[in-house]
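Visitor: the following comprises the amino acid sequence and a computationally predicted model.
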Amino acid sequence: MSVNVKPIADRVLIEPSAAETTTASGLIIPDTAKEKPQRGTIVAVGTGKKDEPMTVKNGDTVLYGKYAGTEITIDGKEYLIMRESDIFAIL
């Protein structure tokens, strides 16, 4: 996937994974009870800071904090933009 956005410094653009729609036992989760996803795929990466190169790259699936990042809409699609330090792990 290609997005015409280039984050600056240590920021990354993430496409959040879809929220779970059913439980493990098959119960349907209503929209009002869905958990905000805490994982997603990186679609754009900044250049890093002078002494801190980026450790993530496009296509990485990552875990991040529940309230991390800022939601933005690009071409009608929802993304999160956040600092690399808000990412907990690469899966």
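Guide: Received the coordinates, thanks. Every value quoted in this text rests on a predicted model; they were computed, and no experiment measured them. Numbering: from 1, shown residues only.

Visitor: CA atoms for contacts and neighbours, from now on please.
Guide: Will do.

Visitor: so what's residue 80 closest to, chain neighbours aside?
Guide: Leaving out its chain neighbours, the residue that sits closest to residue 80 by Cα to Cα, 6 or more residues apart in numbering is residue 71, at 4.6 Å.

Visitor: excluding chain neighbours, what is closest to the residue nearest the centre of the chain?
Guide: For the chain, the residue lying nearest the average C-alpha position, counting by Cα atoms, centre = their mean, turns out to be residue 14 (3.1 Å). What sits nearest to residue 14 in space, not counting adjacent residues and going by Cα to Cα, 6+ apart, is residue 42, at 4.4 Å.

Visitor: swap in residue 49?
Guide: Nearest residue to residue 49, sequence neighbours excluded (Cα to Cα, 6+ apart): residue 9, at 5.4 Å.

Visitor: right, and that neighbour touches residue 47 too?
Guide: Yes: assessed by Cα atoms under 8 Å, residue 9 is found in contact with residue 47 at 5.3 Å.

Visitor: and the pLDDT at the residue of the chain most remote from its centre?
Guide: Ranked by distance from the centre of the chain (Cα atoms, centre = their mean), the top residue is residue 25, with 26.9 Å. Residue 25 carries a pLDDT value of 81.
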